[in-house]
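>>> Sequence first, then the predicted structure, then my questions.
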Amino acid sequence: MDLEGSASFNWRNVGPRYPQYEAQIQDEVYLADMYFGIGGPIADNVPFLIEWNMPTSSQGQIQLSQLNAEYDRLPHTRIQAGKFLVPFGRYNELYRPDDFLTVTRPLLFASPDSLDLVVRLNSPRPPLTVGYTDLGGRISYYPPIDKSWIPDEITFFVVNGLGEENNRLRTFPNTDNLGVPPIPGDGTNIDFGHQDNNLADNNNSKSPGARVVFALGDLRLPWPIPENESNLNGVNLGLSAMGGEYNLEQNLNYQIYDADLTFDYKGIKFASEYVYSLNQFLAPIEITQGSFGSDTSNTTVSLGEDFEINQGYYVQAAFPVMKKPPFGKRLTGIVVFNQMWRRGPALDLFLNQYANGTEYSSLDALSPTGPRVTTQMDKYTAALNYQISDHFWLKLEGSYWVLGRASDGNVYAPGNSTAETNSVLASLPNSLGRINVYQTALSFVVGF
């Protein structure tokens, strides 16, 4: 059995520096992406893995990340059961800091453990954050035929699926928790960040999925590119899909589709991925425009069902800066461009409101007359990855988030606030909420 693990020790500065601006951070030092596990064969052709994660967002509390066993005695076939890394997309498999080159991830797979993404009202959200593990089973077949049009890998899996962000479960019978939790007054949405690390399903529905990978080998680009510069080396194409019901009542659905492409061109490694997701959600309906009613201590609201589409892509290029530095193994430069969009209802943000007997510091609500809007977020990243040895890396990164069109909607204070206060709050999305964000980060990574 082999011991494995990883961790990153990070420093960052985030700007711009505005008073009371939630994203401005100076000289923050933090630990992130901490994993450790034990893996190896427990019998002939039966690999076993147990892995734990210590999320920064959970103050380093130990959580079970993976616990699975495989059966490898069938030729060209892999059967896996337990809690495993879901084979969806390329970047989801690059969850440890020693697996990917930059400090932050692409927008489409942003992690709650790092400033990979700045989310505000009606902003695009990642369809699936990196390192998604789930309970279920998978079977993979690796055809022995060496043809470009024959997939290198065909995988089918069935897992519990993503759950609700408010973590309502059909718990095991217990005198401390009898009955089914009601839908909260602020509605429910999907747990994009899979921060609820549950070991049991929240409903009866299961989520099927599939992934197909083609190893296309070397390809030639068509004329007019000169023939001696037209080779794309090591082309790999992956297609993935998954979906199902995610809430306790089994009436809210999600679907996610992914296409990823990697290749080398003249010594530069390119990677790109496109993700499309559609999910339904419940949100409280405003009684009138910008109001839940006059009685803020006992407001009863109705919940409305709607849907949103989050989609986007990233393009990454990695190139050697120094193949053999005087000290260490390799120095690599990386540039990444991200774009992501959200298409959905223009939700309004309410502060310090009571809904169905519960007080919420903030909640998103559906306007009866609100339009559907499209918001967009861009991100530019430039980084250096210095591999010191087989187990140590040093990363330096600068990132810039373009948020001018990333937020849309109004902010409302409680019903008893003055018109002047409401006016100031309503201006926030158009002032601080639309200001671009930049970050400088340095990361020291250990992996074994």
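Structure received.

>>> ok, and the helix or strand in this protein with the lowest average confidence?
helix 419-426 (a mean of 46; mean pLDDT, DSSP states H and E).

>>> quick one: contacts for residue 262?
90, 234-236, 269-272 (CB atoms under 8 Å, 6 or more residues apart in numbering). Using the backbone N, CA and C atoms, a C-beta is placed for each residue, glycine as well.

>>> ok, 7 Å please
90, 236, 270-271 (CB atoms under 7 Å, 6 or more residues apart in numbering).

>>> mind giving me TSV with those and columns for pLDDT, secondary structure and distance to residue 16?
Converted to TSV, those look like this (pLDDT from 0 to 100; DSSP: H, G, I helix; E, B strand; the rest coil; distance: CB to CB, whole Å):
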residue	pLDDT	secondary structure	distance to residue 16
90	94	coil	33
236	95	strand	40
270	97	strand	32
271	97	strand	30
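
>>> And those, which two are furthest apart?
90 and 270 (12.1 Å; CB to CB).

>>> Neighbour count for those two, which is higher?
Legend: neighbour count by other CB atoms under 10 Å for residue 90 and residue 270, higher for residue 90 (20 against 16).

>>> The more buried one - nearest residue in space that isn't next to it in sequence?
In space, and not counting its chain neighbours, residue 90 is closest to residue 260: 3.9 Å by CB to CB, 6 or more residues apart in numbering.

>>> elements contacting the helix or strand containing residue 155?
In this assignment (DSSP states H and E), residue 155 forms part of strand 153-159. Helices and strands touching strand 153-159, by 3 or more CB pairs under 7 Å, 6 or more residues apart in numbering; DSSP states H and E, are strand 133-141, strand 207-220.

>>> Among those strands, which comes closest to residue 375?
strand 207-220 (26.9 Å).

>>> Now do the contacts for the residue nearest to residue 90.
Contacts of residue 260 (CB under 7 Å, 6+ apart): 89-90, 238, 273.

>>> Report the buried residues of the helix or strand hosting it.
Using DSSP H and E, the element containing residue 260 is strand 253-265. Using 16 or more other CB atoms under 10 Å as the test for burial, strand 253-265 gives 253-263, 265.

>>> and the angle from it to strand 207-220?
20 degrees (axes from the mean of the first three to the mean of the last three CA atoms, to 10 degrees).

>>> pull the CA atoms of strand 253-265 into CSV?
Extracted in CSV, the C-alpha atoms of strand 253-265 (Å, rounded to 0.1, in the frame of the first residue of the first chain):
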residue,chain,number,x,y,z
ASN,A,253,-33.4,18.5,-12.9
TYR,A,254,-29.9,19.3,-14.0
GLN,A,255,-27.9,18.4,-17.2
ILE,A,256,-24.2,18.9,-17.8
TYR,A,257,-22.3,18.3,-21.1
ASP,A,258,-18.6,18.6,-21.7
ALA,A,259,-16.1,18.5,-24.6
ASP,A,260,-12.4,18.7,-24.0
LEU,A,261,-9.5,18.8,-26.5
THR,A,262,-5.7,18.6,-25.9
PHE,A,263,-2.8,18.6,-28.4
ASP,A,264,0.8,19.8,-28.9
TYR,A,265,1.8,22.3,-31.6
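
>>> Relative to it, what are the paired strands and their orientations?
strand 231-245 (antiparallel), strand 268-284 (antiparallel) (DSSP bridges).

>>> Any chance of the buried residues of strand 253-265 in TSV with pLDDT and distance to residue 161 as columns?
Shown next, in TSV, are those (pLDDT from 0 to 100; distance: CB to CB, whole Å):
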residue	pLDDT	distance to residue 161
253	97	10
254	97	8
255	97	11
256	98	10
257	98	15
258	98	16
259	98	21
260	98	21
261	97	26
262	96	27
263	95	32
265	90	37
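
>>> For residue 165, give me phi and psi.
phi -70, psi -30 (degrees, to the nearest 10).

>>> Quick check: it touching residue 191?
Yes - applying CB atoms under 7 Å as the test, residue 165 and residue 191 come out as touching, 4.6 Å apart.

>>> what bits of the chain have low per-residue confidence?
Filtered on pLDDT under 70, the chain yields the residue ranges 20, 223-230, 292-299, 409, 413-433.

>>> Nearest the middle, which residue of it would you pick?
Among the residues of the chain, residue 129 comes closest to the average C-alpha position under CA atoms, centre = their mean, at 1.6 Å.

>>> on contacts alone, who are the packing partners of whatever helix or strand residue 26 lives in?
When elements are assigned from DSSP H and E, residue 26 belongs to strand 25-43. With contacts taken as 3+ CB pairs under 7 Å, 6+ apart, strand 25-43 sits against strand 2-15, strand 46-54.

>>> Can you redo these as CSV, where the extra columns are mean neighbour count?
As requested, the helices and strands packed on strand 25-43 are arranged in CSV below (neighbours: other CB atoms under 10 Å):
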stretch, mean neighbour count
strand 2-15, 17
strand 46-54, 18
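
>>> so which of those strands gets nearest residue 408?
Among these, if distance is taken as CB to CB, the winner is strand 2-15, at 23.0 Å.

>>> Can you give the contact residues for the closest one?
Contacts of strand 2-15 (CB under 7 Å, 6+ apart): 23-40, 96-98, 103, 115, 437-448.

>>> picking up where we left off before, ranking the strands paired with strand 253-265 by burial, who's on top?
Highest mean neighbour count among these (mean count of other CB atoms under 10 Å): strand 268-284, with a mean of 20.

>>> helix or strand right after it?
Downstream of strand 268-284 (by DSSP H and E), the next one is strand 303-322.

>>> Name the residues of that following strand that come out as buried.
So for strand 303-322, counting by 16+ other CB under 10 Å, buried means 303-304, 306, 308-316, 318.

>>> With adjacent residues omitted, what lies nearest to residue 27?
residue 13 (6.5 Å).

>>> For residue 36, see how far away that neighbour is.
Distance of residue 13 to residue 36, computed by CB to CB, to the nearest Å: 29 Å.

>>> Which strand residues bridge residue 239?
Residues in beta-bridge contact with residue 239 (DSSP bridges): residue 212, residue 259.

>>> in terms of contact, does it touch residue 257 like I think?
No - using CB under 7 Å, residue 239 makes no contact with residue 257, being 8.2 Å away.

>>> Report the secondary structure state of the nearest residue to residue 10 once chain neighbours are set aside.
Nearest residue to residue 10 in three dimensions, chain neighbours excluded: residue 443, at 4.7 Å (CB to CB, 6+ apart). Under DSSP: H, G, I helix; E, B strand; the rest coil, residue 443 falls in the strand class.
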